[in-house]
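> Next one to model:
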Amino acid sequence: MVGKSGGQMIIWDTNCFVAEDVIKFDSVLGIRVRDPSERFNYEFIVCRARRFNKFIIECGLIDVPIRGRLFTRISDDGTKFSKLDRFLVFEKFHQFWGNLAAVTLDRTSSDHVPIVLKDERKDFGPKPFKVFDVWLDEDGVDQVIVDAWEKPTDSGIDKEIEILKDKSLKLELKAETVVLNEAELESWKESRSKWLENEKIKAKMLKQKAQLKWNIEGDENTSFFHSMIRNKYNRCNICGLNIKGIWCEEPRDIKAEVFNHFKKIFDEPNNMRPSLENLVYPSITNDEAHDLERAFSESKIHEAILDCGSSKAPGPDGFNLRFYKKFWELLKEELVDAINWFWCNEEISRGCNASFVTLVPKKSGPVCLNDYRPISLIESYYKIIAKLLSIRLRKVLPSLM
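Residues are numbered from 1 along each chain as shown. The predicted structure follows:
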């Protein structure tokens, strides 16, 4: 592509792509940025950005996130920066190449930074187990959980959909040339019905993966959910980090950098605590103090669980609060014992206190760990205890204000 300021060269691997057609325009859409964060020391023109964003949306394009640098064009005097270079791809392209990332290379004589489009999934190790809400709606799941709730079964729904769909379509094609007998017609109805039912189940799973909340239930546009999942993956995927001024893509080095970074943040240099002696502050009554110190009853624990959100992101155990709500009768005895053990011993067991720290990008195109916001995903057991304590404290806080 050639513009007024010179030219841009696009290079691709001919083993993967073939240029079947070349389209030339008399007029070319000018190079634009999408929001103010893509300019530094440059004028940002809102109307141009709005037109550019409208063009991307109306054409159904996906803006592939860029990693390694915040800007791709630098002025000759080194004072002005812009993000002018990007890859815009169609949804169908994204379906075949789902792990896309645009990575910057070193800039030499050009005022633009070269960018490379990559499709690769980094192996950061095994993915943790996670319960999907749709599993809890399956027929017979209650018995499965009762028999072995620590090891939920894998439905293998994609394979089942493929088999049922193939069987249904083959019979439909056959019906176009010959009349199906009664057995074949019944087989077609059954396979098609099961196929569509499994598509609905899969849509619910995709909905939870995309972590979307809809005002209207039953939106089953699976292609849209797939798009949301891929966009979320591309936005949140850490394909590399700037470590001590060097762009690194090796998972082992990235994990070590993340560990060391947060170890420094969460480490406590000393055990000194501020003293509360000789301070005058409001106090609670003896009855309120007695109420705070009572052990939690089974009914109060159940009420606290029901008051928690059902489908929040789970911690390392993989079980969300909806699982506890559905199988309360099965789990209540052990759960009540565990919470009362915490109350008597005034501590949470080390394993039950584990959590995931997930990194959410603060902005588009994160480069270093400071560009991510850490969020702690705690286990449901911890959430239940926190809910119980907050309910009790809520009763006495007004008297301390």
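
> And the helices in this structure?
46-58, 91-96, 141-148, 157-175, 182-210, 222-236, 251-266, 286-293, 298-306, 321-326, 328-345, 380-396 (DSSP state H).

> Next, format these as TSV and append distance to residue 35.
No exception for glycine: its C-beta is placed from N, CA and C like everyone else's. Below are the helices of the chain laid out as TSV (distance: least, CB to CB, whole Å):
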stretch	distance to residue 35
helix 46-58	6
helix 91-96	21
helix 141-148	45
helix 157-175	37
helix 182-210	23
helix 222-236	15
helix 251-266	27
helix 286-293	49
helix 298-306	42
helix 321-326	37
helix 328-345	47
helix 380-396	36
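
> Now distance to residue 353, mean neighbour count and mean pLDDT too, for these, in JSON lines please.
Shown next, in JSON lines, are these (distance: least, CB to CB, whole Å; neighbours: other CB atoms under 10 Å; pLDDT from 0 to 100):
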{"stretch": "helix 46-58", "distance to residue 353": "44", "mean neighbour count": "12", "mean pLDDT": "86"}
{"stretch": "helix 91-96", "distance to residue 353": "40", "mean neighbour count": "13", "mean pLDDT": "73"}
{"stretch": "helix 141-148", "distance to residue 353": "25", "mean neighbour count": "13", "mean pLDDT": "73"}
{"stretch": "helix 157-175", "distance to residue 353": "34", "mean neighbour count": "14", "mean pLDDT": "81"}
{"stretch": "helix 182-210", "distance to residue 353": "26", "mean neighbour count": "16", "mean pLDDT": "80"}
{"stretch": "helix 222-236", "distance to residue 353": "25", "mean neighbour count": "16", "mean pLDDT": "62"}
{"stretch": "helix 251-266", "distance to residue 353": "13", "mean neighbour count": "13", "mean pLDDT": "86"}
{"stretch": "helix 286-293", "distance to residue 353": "22", "mean neighbour count": "11", "mean pLDDT": "85"}
{"stretch": "helix 298-306", "distance to residue 353": "18", "mean neighbour count": "16", "mean pLDDT": "90"}
{"stretch": "helix 321-326", "distance to residue 353": "18", "mean neighbour count": "20", "mean pLDDT": "86"}
{"stretch": "helix 328-345", "distance to residue 353": "10", "mean neighbour count": "14", "mean pLDDT": "86"}
{"stretch": "helix 380-396", "distance to residue 353": "7", "mean neighbour count": "16", "mean pLDDT": "88"}
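
> show me what contacts the closest residue to residue 310 other than its chain neighbours?
Distances taken as CB to CB, 6 or more residues apart in numbering put residue 322 closest to residue 310, at 3.8 Å, once the chain neighbours are dropped. Contacts for residue 322 (CB atoms under 8 Å, 6 or more residues apart in numbering) come out as 133, 136, 310, 311.

> Whichever of those residues end up buried, select them in PyMOL.
In PyMOL syntax, the buried subset of these is picked out as below (16 or more other CB atoms under 10 Å):
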select buried, resi 133+136
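
> got JSON lines for the contacts of residue 322, with distance to residue 82 and pLDDT too?
Below are the contacts of residue 322 laid out as JSON lines (distance: CB to CB, whole Å; pLDDT from 0 to 100):
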{"residue": "133", "distance to residue 82": "44", "pLDDT": "75"}
{"residue": "136", "distance to residue 82": "49", "pLDDT": "79"}
{"residue": "310", "distance to residue 82": "45", "pLDDT": "79"}
{"residue": "311", "distance to residue 82": "41", "pLDDT": "73"}
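
> so which of the helices of the chain gets nearest residue 122?
helix 251-266 (5.0 Å; CB to CB).

> Which residues outside that closest one are in contact with it?
Counting by CB under 8 Å, 6+ apart, 122-125, 238, 240-241, 243, 248, 357, 359, 369, 374 sit against helix 251-266.

> And stretch 352-364, what's buried?
In terms of neighbour count (16+ other CB under 10 Å), stretch 352-364 has its buried residues at 352, 359, 364.
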